[in-house]
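K.L.:
Return a 3D structure for these sequence lines:
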Amino acid sequence: MDLCDSKFEYDFEINKDHDIQYPVLQIEPPESIIPKVYNGREEYEFEINFYNLYGQAAQNVVTLQKRWDNLQDLAMEWLDMVLKHYQDSTVEAYLNDESVEIERVKEVANDRLVQIKMSFTMSGFTKCFRPQSSYPSGIDADNLVVWLRADAGLTFDIPTKKISAWADQSGNGNSVGQSTSASQPLRYGYDGADDKARIELNGTSDYFNSDANSPLSTASFSIFTVAKTTTNPTDDARYFTYKDSAGVDKILLSSAADRVDFKVTDDNGTEAEVRSSPTELTTSYHIASARFDGSAGNLYLQYNNQTEGTASIAGFTHAGNWDDDVFKIGWEQGGLAKNYLKGDIQEIIIYNNLTTDADRDKIKNYLNNKYNIY
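P.N.:
Residues are numbered from 1 along each chain as shown. Model (predicted):
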């Protein structure tokens with residue numbers, strides 16, 4: 001449930017050491033109450049605060065409303081994940097009726113901040129509330145291998161915004177990073193799709209390497225991205241790339257001539273490519289779904305909610321899997337300078353199989369509900 005920086009402390013302690021990475025979740029120590037009618041349950045009264053920066057340059061009603069809306073989205077996602085976490089064979093948790101209160105506060109603490117204050121009472125060991133939202137960790141969870149989010153798991157320098165590490169949220173440790181300062185992308189907690197967090201790559205040197213070899217240990221895979229380019233590229237600007245150690249087997253997911261481009265190359269160097277329509281602009285934030293059927297060499301590419309395009313590798317030959325070397329985000333291993341991505345990435349989700357059409361739609365619905373793309 002790593003949605004943002006978090007603190008377990010009282011609200012008057014917020015940023016007392018001036019070391020906060022915003023947005024931040026602050027949890028007040030809850031109060032515990034045993035009801036008169038016990039029936040095996042206990043009530044916990046919570047006060048949760050979500051904070052984000054609100055600088056002098058953002059003094060307008062529209063920006064303020066969006067910052068509050070995004071904090072409220074973050075708060076509800078956090079609460080939903082908490083309730084999901086406590087649903088198992090021994091523990092049941094639910095919200096008491098009409099207990100949730102949400103308050104919006106401006107210019108608080110010892111920074112210029114906006115704040116969402118949420119209070120609620122949660123009862124344990126009784127069955128009632130059931131969360132309905134779907135997250136990648138609950139969709140085909142056995143095959144989820146990489147989940148990278150611009151709003152979670154980033155290690156970055158606050159003054160320069162340079163990112164050195166991006167932690168995988170799938171639970172599998174398939175993280176990425178960049179140790180070279182000159183090649184480190186920048187982290188912004190705003191100005192992405194729906195004013196959510198984004199990672200900015202400069203198009204000349206920025207990219208990420210995976211910490212270990214690609215986790216794609218089957219012939220089939222699925223990749224979902226939320227991204228955009230900030231120029232109209234005439235050359236391939238890479239979102240995700242993989243090449244085996246011999247440089248023959250390849251996976252390339254790119255923005256090419258202002259279209260999303262998905263290309264796969266087999267052991268013999270035979271490739272297939274499928275592109276989105278020329279009218280589907282990569283200079284706008286978009287959701288791309290790239291799926292590969294390793295049993296038949298079939299490629300499937302969908303841009304936002306448009307018709308899915310297909311292509312096939314004739315006589316597809318692939319003896320191994322796609323785990324012989326690292327993968328990269330924002331550039332191509334051994335690629336040209338023109339292959340760097342100039343643009344923003346907000347989320348990357350990778351599955352170690354060909355997701356079903358139904359699961360593909362669930363994953364895209366999660367991304368669209370979060371980023372309001374289409």
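K.L.:
and the nearest residue to Glu308 once chain neighbours are set aside, what does it touch?
P.N.:
Spatial nearest neighbour of Glu308, excluding adjacent residues (CB to CB, 6 or more residues apart in numbering): Gln302 at 4.2 Å. Where C-beta positions appear, they are placed from N, C-alpha and C, glycine not excepted. Counting by CB atoms under 8 Å, 6 or more residues apart in numbering, Gln302 makes contact with 288-289, 308-309, 360, 364.
K.L.:
Quick one, which of those residues are buried?
P.N.:
Taking 16 or more other CB atoms under 10 Å as the criterion, what is buried in those is 288-289, 309, 360, 364.
K.L.:
thinking again about what came up before, could you work out the most separated pair of the contacts of Gln302?
P.N.:
Longest distance between any two of these is 15.0 Å, between Gly309 and Lys364; criterion CB to CB.
K.L.:
just to revisit the earlier point, the contacts of Gln302 in strands, which ones?
P.N.:
Among those, the subset assigned to strands under DSSP state E consists of 288-289, 309.
K.L.:
Closest one to Leu83 out of the residues you listed, please.
P.N.:
Of all those, Ser289 has the smallest distance to Leu83: 28.5 Å, by CB to CB.
K.L.:
quick one, helices of this protein?
P.N.:
Along the chain, the stretches classed as helices by DSSP state H are 61-85, 357-371.
K.L.:
How far off centre is the longest one?
P.N.:
Read that as helix 61-85. Centroid displacement of helix 61-85 relative to its chain, using CA atoms, centre = their mean, to the nearest Å, is 15 Å.
K.L.:
what pLDDT does the most centrally placed residue in the chain get?
P.N.:
With distances taken as CA atoms, centre = their mean, Arg149 lies nearest the centre of the chain, 2.6 Å away. We have a pLDDT of 97 for Arg149.
K.L.:
Check whether it really touches Asp168, as I assumed.
P.N.:
No: the pair formed by Arg149 and Asp168 falls short of the contact definition of CB atoms under 8 Å, at 9.6 Å.
K.L.:
need the contact list for the closest residue to Phe221 other than its chain neighbours.
P.N.:
Computed as CB to CB, 6+ apart, the closest residue to Phe221 that is not its neighbour in sequence is Phe292, at 5.5 Å. Remark: with contacts taken as CB under 8 Å, 6+ apart, Phe292 is in contact with 220-222, 251, 264, 298-300, 354.
K.L.:
please redo it, this time with the cut-off set to 6 Å
P.N.:
The contact partners of Phe292, taken as CB atoms under 6 Å, 6 or more residues apart in numbering, are 220-221, 264, 299.
K.L.:
and what of Phe156?
P.N.:
By CB under 6 Å, 6+ apart, the contact list for Phe156 reads 163, 187.
K.L.:
Is it bridged to anything, and to what?
P.N.:
Each beta-bridge partner of Phe156 is listed here: Ile163, as defined by DSSP bridges.
K.L.:
Ok, Phe327 next?
P.N.:
With DSSP bridges as the rule, Phe327 is bridged to Tyr242.
K.L.:
ok, it to Pro215 distance?
P.N.:
For Phe327, the distance to Pro215 (CB to CB, to the nearest Å) stands at 9 Å.
K.L.:
If you count surrounding residues, which of the two has more?
P.N.:
For Phe327 against Pro215, the residue with the higher neighbour count under other CB atoms under 10 Å is Phe327, and the figures read 25 against 22.
K.L.:
Hmm, that one is touching Ser214, no?
P.N.:
Yes: with contact taken as CB atoms under 6 Å, Phe327 and Ser214 are classed as touching, separated by 4.5 Å.
K.L.:
Now the common contact residues for the two.
P.N.:
When CB under 6 Å, 6+ apart defines a contact, the residues bordering Phe327 and Ser214 alike are Tyr242.
K.L.:
what's the domain layout of this protein?
P.N.:
5-124, 137-371 (automatic domain parsing).
K.L.:
Just the terminal-to-terminal distance for the shortest one.
P.N.:
Translated: domain 5-124. Taking CA to CA, to the nearest Å, the first and last residues of domain 5-124 lie 26 Å apart.
K.L.:
For that domain, what is the distance to the chain centroid?
P.N.:
On the basis of CA atoms, centre = their mean, domain 5-124 sits 21 Å off its chain's mean C-alpha point.
K.L.:
where are the low-confidence patches of this protein?
P.N.:
Low-confidence regions of the chain, defined by pLDDT under 70, span residues 1-4, 15, 17-19, 35-40, 55-59, 86-91, 107-112, 125-133.
K.L.:
List the residues that contact Ala182.
P.N.:
By CB under 6 Å, 6+ apart, the contact list for Ala182 reads Ser205.
K.L.:
what sits against the closest residue to Thr355 other than its chain neighbours?
P.N.:
Spatially, and ignoring its direct neighbours in sequence, Thr355 is nearest to Ser222 (4.4 Å; CB to CB, 6+ apart). With contacts defined as CB under 6 Å, 6+ apart, Ser222 is in contact with 291, 351, 355.
K.L.:
and if you look at Gly189?
P.N.:
Under the contact definition (CB under 6 Å, 6+ apart), the residues listed for Gly189 are 22, 197.
K.L.:
From Ser277, how far out is it?
P.N.:
According to CB to CB, Gly189 and Ser277 sit 33 Å apart.
K.L.:
again with Arg104
P.N.:
41 Å.
K.L.:
of those two, who's got more company?
P.N.:
Between Arg104 and Ser277, counted using other CB under 10 Å, the more crowded position is Arg104 (15 against 12).
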